[in-house]
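Asks: here is my input; please provide its structure:
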Amino acid sequence: MNRELLKKKLAENKRRLKEIRINDIKSEIIASVENFSEKYRFADKNEIRRIEIFMDRLPFSMPAKINFSSLTKSDITEHNNVWPCFLNGREEILSIYIHGNYKDILNDYDIWFWLSAYLLIIDEDFFRFILVDDNFNITESYIN
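Replies: Next comes the predicted model:
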């Protein structure tokens, strides 16, 4: 019984520490992006769930690498509001999702690249997405 209680307390402490580190990174992001609150916001729990469901449907061949052979590549189309998702970097950054206008995301790209060299930009329709890799190659596709 004591061993189980200890395991639960350790797991809870680990979860709290991760939450603290995530909040610290969010604070860093807010401080790094000029007028952050005017352009962006962080995802709420429901939005995080939708984003993670979308990402689970993508055919990753390895972390941060999407296997586009099973997807249809498309030309860059017009985007409005999007969710940039970080695919590598510190563990906590992988759990942070920001909502903003596509043009603002591109204008602030140097900040996003500093956080993660691989950026998955999910369109607000949760159908189209863009992958920007560490060589700044842009590939757009969609999933059904």
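
Asks: now the longest helix along the chain, how far from the centre of its chain.
Replies: The single longest helix within the chain, with elements called by DSSP state H, is helix 2-32. Centroid displacement of helix 2-32 relative to its chain, using C-alpha atoms, centre = their mean, to the nearest Å, is 19 Å.

Asks: now whichever helix or strand comes after that helix: buried residues?
Replies: Sequence-wise, the next helix or strand beyond helix 2-32 is helix 36-39, with elements assigned using DSSP states H and E. Applying a neighbour-count criterion of 16 or more other C-beta atoms under 10 Å, one finds 36, 39 buried in helix 36-39. Every residue, glycine included, has its C-beta placed from N, CA and C.

Asks: can you check stretch 59-71 too?
Replies: For stretch 59-71, by 16+ other C-beta under 10 Å, it's 64, 66, 71.

Asks: run the chain-centre distance for the helix or strand encompassing residue 112.
Replies: Assigned by DSSP H and E, residue 112 belongs to helix 109-115. Distance, stretch centre to chain centre, for helix 109-115: 12 Å (C-alpha atoms, centre = their mean).

Asks: what is the mean pLDDT for it?
Replies: Helix 109-115 shows a mean pLDDT of 91.

Asks: center of this protein, which residue is that?
Replies: residue 85 (1.7 Å; C-alpha atoms, centre = their mean).
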